[in-house]
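# Using only what follows, build the 3D model:
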Amino acid sequence: MHWRRKREPVIDTVLYFVRTTTEAARSWAETRGVPCWIEELPGGWVLLRSATVDGLIAGSATEPEDALLEWANSAADAYAMTGWSLHGARDGRAYELDDDLDTLPWEADDDRQVRGLLALRGDHTAELPLLAVARDEPISAIVRDGWTLIAHDHNSIATTSYDLDDPGLALLRIGDELHLWLVAGGDPVAGWEWSVHGGVAAVDRLPPGAIGDEVRDILYSGRIGVEPFQEVGMRPTPALAQILGSQGRAIEIAPQLVSALELPDNARAHLLGDTDLADSQDAVRVEPPEHLAGALVDSLAGIGRQVAASRSPRRRMWGAIGGAVFIPIAVVLLTLLVRDLIDGHDVSWGAWLRSVIAVLAIPVCIAAILHWWALRGTGQTDPKTLPSDYRSVQNNTRLGRWFNRRGPSTAVCLILVLVCLGGGTYMWMDEAPLRQQGVAATARVVSVEDDAPLVEFADRQGRSVQAYLDSFGTPAAGEAVEVIYDPSDPEHVVLADEFRSPLGYVLLGASIIALLVLAALTWTGVIDWQRVSDWLY
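Numbers count the residues shown, from 1 in each chain. Next comes the predicted model:
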């Protein structure tokens, strides 16, 4: 016997905006058995909010477009919104309207005051240029109490995703009405509303079981509890749970809602029209750049400045010093690459890799210097104000907590010490024959294949020997170099300059000393790998 998994029904919201009377809308819903919320709007418009189950309107076998055409035949104007698509009716057929309408038809006669607010966790002012481009209009925002508050007066704010990952809140007051949307992952995931004058019709025609419960949640949009806040990682308070289930006018609900959401009190004053956040002294106003490239550059520079400000002044100084040191090194690497290309030399993959790293690192170094200069004399901001994408993540997993204990942290340091000692011992033993009986000779580089130079030289007996050079450097083909070889094994040959230089052993010794210091610090509990990771970030 084969068991088939039962498919979950697809349930979506459908909105009808019809220029008719509430009595006519209620009669239509009761006659066709369509459970819906009916709300009177200014200008003679009526909103009917219902749901579709697998593409058909709940409680009936009618498709949304057929219902729209039916309304179009009996009313002056009719529109339907499913998802983010708006449809109208013309000549007996449904058509999709443009999504860039300045004013929606049913809003043209709505003269109620509109005050909106988008609240995002952390400081998102660096991303305002991109937001201004997305909306093609100026953006005003302030940062208060760990929130970025973006003021607006457009009632489609909840449908503007902004493509931000941090959970946010979209609040909107239209006259006596108050709306709240929870936004996460760039999309609204839940909504609530207060003081909306309307009622339900044909609720006795709700589908049975869980499907009916979900449709009922769509009709009573204020009925949803605090679960969506928990799902996106926000911590709801008992006060929030209470206010989400209450009703009242905006002037009564807004103060309680702002307090329950732990928003700055300025949000309440803005929503109620007492003040305008855009006029605040600390408001940041950004005009939309002429080009998207300009918005990207401004946004990246702003984000880099925010990240730099969250670090200590000493760390910013050392970052600028490191950038100033690396820039000339990068220029030299690029100059050598250009010289080899002009001279027609074979360029190894290592040289290409170094050059690519140099090219990518130069803007980073310049940014480090500019950030240090712009932030000189300022302290360190709280890293928690950064957007989540640029914040160091605490490793709170069971493995992470075990790894950061004294024993494992110290063991890792000591294991790395043993690796370095092993590498140094191998190098010393491998060079022992060359130290005891090595002979210097002048060799010619015959070819270079996969960064392995093939050299040819004459040994003490005058015999011609070809061997692959064991070295870190990669001389060009045809170049004459001095080498050291083992007379008992002529194929064991290294560059003379590298053989005589103690740099390799110095670096190994410095690494061993640094690892031993880390081992001592982790054993005494002064630091752990999480603190090291936070500093490197």
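
# just wondering, since we're on residue 42, how far is it from residue 104?
13 Å (Cβ to Cβ, to the nearest Å). Every residue, glycine included, has its C-beta placed from N, CA and C.

# try residue 123
Distance, residue 123 to residue 104, using Cβ to Cβ: 33 Å.

# of these two, who's got more company?
residue 123 (24 against 15; other Cβ atoms under 10 Å).

# so the more buried one, which of the three states?
Three-state assignment for residue 123 (DSSP: H, G, I helix; E, B strand; the rest coil): coil.

# so where's the stretch 351-500 of the chain uncertain?
For the stretch 351-500 of the chain, the stretches flagged by pLDDT under 70 are 387-397, 400, 450-451, 473.

# can you map out the strands along it?
Counting by DSSP state E, counting those that start in this stretch, residue ranges of the strands within the stretch 351-500 of the chain are 439-449, 452-458, 464-468, 480-486, 489-495.

# would you list these in CSV and tack on mean neighbour count and distance to residue 354?
CSV is the format used below for those (neighbours: other Cβ atoms under 10 Å; distance: least, Cβ to Cβ, whole Å):
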stretch, mean neighbour count, distance to residue 354
strand 439-449, 16, 16
strand 452-458, 18, 17
strand 464-468, 14, 21
strand 480-486, 19, 20
strand 489-495, 18, 18
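
# Mind putting those strands into a markdown table with distance to residue 149?
Converted to a markdown table, the strands of the stretch 351-500 of the chain look like this (distance: least, Cβ to Cβ, whole Å):
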| stretch | distance to residue 149 |
| --- | --- |
| strand 439-449 | 61 |
| strand 452-458 | 61 |
| strand 464-468 | 66 |
| strand 480-486 | 66 |
| strand 489-495 | 63 |
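
# Looking at those strands, spot the one closest to residue 257.
Across these, residue 257 has its closest neighbour in strand 452-458 (70.2 Å, Cβ to Cβ).

# Walk me through which strands the closest one pairs with, and which way each runs.
Strand 452-458 has these partner strands in its sheet, going by DSSP bridges: strand 439-449 (antiparallel), strand 464-468 (antiparallel).

# Tell me which of these lies nearest to residue 18.
For residue 18, the closest of those is strand 439-449, at 77.5 Å, according to Cβ to Cβ.

# Buried residues, stretch 405-425. List them.
409-410, 412-413, 416-417, 420, 424 (16 or more other Cβ atoms under 10 Å).

# same deal with stretch 257-275?
Here stretch 257-275 shows 257-261, 263-264, 266-272 as buried, counting by 16+ other Cβ under 10 Å.

# and residue 336, what element?
helix 313-343 (DSSP states H and E).

# C-alpha coordinates for stretch 96-109, CSV please?
Extracted C-alpha coordinates of stretch 96-109, given in CSV (Å, rounded to 0.1, in the frame of the first residue of the first chain):
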residue,chain,number,x,y,z
GLU,A,96,-3.7,44.3,-14.7
LEU,A,97,-2.9,47.9,-13.7
ASP,A,98,0.6,49.3,-13.6
ASP,A,99,2.3,49.0,-10.2
ASP,A,100,3.7,52.6,-10.3
LEU,A,101,0.4,54.5,-9.9
ASP,A,102,0.9,57.7,-8.0
THR,A,103,-2.5,57.4,-6.4
LEU,A,104,-4.8,54.4,-6.2
PRO,A,105,-8.3,55.0,-7.5
TRP,A,106,-10.0,54.6,-4.1
GLU,A,107,-7.5,56.9,-2.4
ALA,A,108,-8.1,59.8,-4.7
ASP,A,109,-11.2,61.0,-2.7
